[in-house]
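Asks: I'd like to go over a predicted model; first the sequence, then the structure.
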Amino acid sequence: MIFKFLFTLSFVFICFGLIVGNISIPEQMFKIIMSPDYLIADYFEIAGIGGAFLNSGLLMMIFTLFFKLLKVSPSGVSIAAVMTIGGFALFGKNVFNVWPVVLGVLLYTLMVGENIKTYLYVAYFGTALAPFTTHLVISRGFDLIGFIIVIFIGFLLPPLASFSLTLHRGYNLYNVGFTAGLLGIILGAILKAYNLEPPAQFYWHTENQVLLSIFVYGIFVSILLFGLKLNNWTINDYKRLFRYSGKLITDFPLLENEAVTFINMGVLGLFGTTYVLLVGSELNGPTIGGIMTLAGFGAFGKHPKNIAPIIIGIFIGAITNAQPISSASMVLAVLFGTTLAPITGEFGAFWGIVAGFLHSALVLNTSFLHHGLNLYNNGLSGGLVAMFLLPLIEAAKTITKNVSKQLKSVFRRW
């Protein structure tokens, strides 16, 4: 059922892209491949809506086919991986720039003698570093040395990803995004040292809101209805998802069933879309990418109960800091910052709000470290917030426990 869903979603994106792009599709695809695509590069604005959706649909289709060819058992992480790729294929990943990173991960897998499936999801999520391909290969005239460098970058991801998980202990759902961010900081520093860093850019599409609203709402209403149909048109058992903290690894189709997973994905997708529009922002490549990622991880750890405090915390930050609540940085922080949902699930709403508030500030100051070449900037910020908060939460619990113990002792004496 999961593969059927992913293939259907891919097909819908491809068809929508071809219809909207019409005869200009080849030109749009060429622009997408050739244009710099580090943050923020909205393919809607750079090339066109049709080309962006075609690019997204093709990548989702190809990566789903890889699952089938490798006989991977589909699960929630499969949905999260493919929908995240599809989302970022609207603003940073394309049918060319992802492959050197994937090749690097596969090369590492072969060299350590592991099964090709072992680091497959690292390869999928590792495409966060795809902009390095455009920057080092395409912008330099299809430079072979640049191509080899990007393969080496992908080669470094598996061992780093395994270690990164120990740093935030599974409380940041975008572990490979955190890994890519740390690697991106090192690589960004090297580029800057040799004056090879890319200049800042900001592409943000603001048109075609009616068309995009109809399409995006249509997608997530369909997913919700599909889940309800599988669940015999009832929301029974949906609340069972709320019992899970979301900490890695929380795979909803395996822990519960596909029906409630699709219901959850539909709910989160509709929430994300509505939030973007209500705060006065726009549906475009980056925001739809954020909504796709939010919904995709609705199969792998996120649900309304554990994301709500994170969003409240980010919202508090947005209405009190110097950034407008409808600004690109704050809207994307809400959509992607839900990577910290496990902190709510494990430690409660208060710490979730604190995590969201800290994320709203930190995420503004991490992108320049890797020059936007790590597309999962919120994954980097989320990992740092988790690393900072976890020892403080544990210290607070210890202090509270000891104070409570002392107070009980005093009351007994009285």
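Replies: It's in.

Asks: Pretty sure Leu58 sits against Leu18.
Replies: No - using C-beta atoms under 8 Å, Leu58 makes no contact with Leu18, being 10.6 Å away. (Each C-beta comes from the backbone N, C-alpha and C, glycine too.)

Asks: Those two: who's more crowded?
Replies: Leu58 (19 against 15; other C-beta atoms under 10 Å).

Asks: What is the host helix or strand of Ile19 packed up against?
Replies: Assessed by DSSP states H and E, Ile19 sits inside helix 2-21. For helix 2-21, the elements it packs on are helix 25-34, helix 49-69, helix 76-88, helix 209-230, judged by 3 or more C-beta pairs under 8 Å, 6 or more residues apart in numbering; DSSP states H and E.

Asks: wait, which of those is closest to Val137?
Replies: Of all the helices and strands packed on helix 2-21, helix 25-34 sits nearest to Val137, with 10.8 Å by C-beta to C-beta.

Asks: Tell me the helices and strands packed up against the helix or strand that the closest one is followed by.
Replies: The element immediately downstream of helix 25-34 (helix or strand, assigned by DSSP H and E) is helix 43-46. Counting contacts by 3+ C-beta pairs under 8 Å, 6+ apart, helix 43-46 is packed against helix 25-34, helix 49-69, helix 285-296.

Asks: Would you mind finding the most buried of the ones you listed?
Replies: Mean neighbour count (mean count of other C-beta atoms under 10 Å) peaks for helix 285-296 among the helices and strands packed on helix 43-46, with a mean of 28.

Asks: State the mean pLDDT of the following helix or strand past that helix.
Replies: The helix or strand immediately downstream of helix 285-296 is helix 304-320, counting by DSSP H and E. Average pLDDT, helix 304-320: 95.

Asks: try stretch 342-362
Replies: 96.

Asks: now stretch 209-222
Replies: On average, stretch 209-222 scores 97.

Asks: about what we covered before: would you mind saying which of the helices and strands packed on helix 43-46 lies nearest Asn195?
Replies: Among those, helix 25-34 comes nearest to Asn195, with 22.6 Å by C-beta to C-beta.

Asks: Report the inter-axis angle for that closest one versus helix 49-69.
Replies: Taking axes from the mean of the first three to the mean of the last three C-alpha atoms, to 10 degrees, one finds helix 25-34 and helix 49-69 inclined to each other by 70 degrees.

Asks: same question for helix 25-34, mean pLDDT?
Replies: Rounded mean pLDDT across helix 25-34 is 95.

Asks: Output that helix in CSV with nothing but the alpha carbons.
Replies: Taking C-alpha atoms only, helix 25-34 is exported to CSV below (Å, rounded to 0.1, in the frame of the first residue of the first chain):
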residue,chain,number,x,y,z
ILE,A,25,8.8,22.2,-19.7
PRO,A,26,12.2,21.4,-21.4
GLU,A,27,13.4,25.0,-20.9
GLN,A,28,12.2,25.0,-17.2
MET,A,29,13.9,21.7,-16.5
PHE,A,30,17.2,23.0,-18.0
LYS,A,31,17.0,26.2,-15.8
ILE,A,32,16.4,24.0,-12.7
ILE,A,33,19.5,21.9,-13.4
MET,A,34,21.7,24.8,-14.3
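
Asks: Return the list of helices and strands in contact with that helix.
Replies: The contact analysis (3+ C-beta pairs under 8 Å, 6+ apart) places helix 25-34 against helix 2-21, helix 43-46, helix 49-69.

Asks: Need the contact partners of it.
Replies: With C-beta atoms under 8 Å, 6 or more residues apart in numbering as the test, helix 25-34 has contacts from 17-18, 21, 43, 46-48, 50-52, 54-55, 94-97, 138.

Asks: Spatially central residue for this structure, please.
Replies: The C-alpha lying nearest the average C-alpha coordinate of the chain belongs to Thr293 (C-alpha atoms, centre = their mean; 4.7 Å).

Asks: Which pLDDT does the model give Asn377?
Replies: The model reports Asn377 with a pLDDT of 95.

Asks: That one: neighbouring residues, count only.
Replies: Using other C-beta under 10 Å: Asn377 sits among 29 other residues.

Asks: possible to save the helices and strands packed on helix 25-34 as CSV with distance to Ala318 and mean pLDDT?
Replies: Below are these laid out as CSV (distance: least, C-beta to C-beta, whole Å; pLDDT from 0 to 100):
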stretch, distance to Ala318, mean pLDDT
helix 2-21, 30, 96
helix 43-46, 23, 96
helix 49-69, 27, 97
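
Asks: so which of those helices gets nearest Leu241?
Replies: helix 2-21 (16.5 Å).

Asks: Compute the first-to-last residue distance for stretch 358-374.
Replies: 20 Å (C-alpha to C-alpha, to the nearest Å).

Asks: Revised request: answer the last question for stretch 318-338.
Replies: With C-alpha to C-alpha as the measure, stretch 318-338 spans 15 Å from end to end.

Asks: what sits up against it?
Replies: By C-beta under 8 Å, 6+ apart, the residues outside stretch 318-338 that reach it are 40, 173-174, 202, 204, 272, 275-276, 279-281, 286-287, 290-291, 293-294, 297, 302, 307, 310-311, 314-315, 317, 356, 359-361, 363-364, 376-379, 381-382.

Asks: Name the residues of it that are buried.
Replies: Across stretch 318-338, burial judged by 16 or more other C-beta atoms under 10 Å covers 318, 321, 323, 325, 327-338.

Asks: Same check on stretch 344-363?
Replies: Residues 344-347, 349, 351-363 are the ones in stretch 344-363 that count as buried (16+ other C-beta under 10 Å).

Asks: quick one: what helix or strand has Leu384 in it?
Replies: Using DSSP H and E, Leu384 falls in helix 377-413.

Asks: and the angle from that helix to helix 285-296?
Replies: 50 degrees.

Asks: helices and strands around helix 377-413, which ones?
Replies: The contact analysis (3+ C-beta pairs under 8 Å, 6+ apart) places helix 377-413 against helix 144-168, helix 175-193, helix 328-336, helix 341-347, helix 349-362, helix 367-370.

Asks: Make JSON lines out of the ones you listed and add distance to Asp251.
Replies: Output for the helices and strands packed on helix 377-413, formatted as JSON lines (distance: least, C-beta to C-beta, whole Å):
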{"stretch": "helix 144-168", "distance to Asp251": "16"}
{"stretch": "helix 175-193", "distance to Asp251": "14"}
{"stretch": "helix 328-336", "distance to Asp251": "20"}
{"stretch": "helix 341-347", "distance to Asp251": "13"}
{"stretch": "helix 349-362", "distance to Asp251": "21"}
{"stretch": "helix 367-370", "distance to Asp251": "29"}
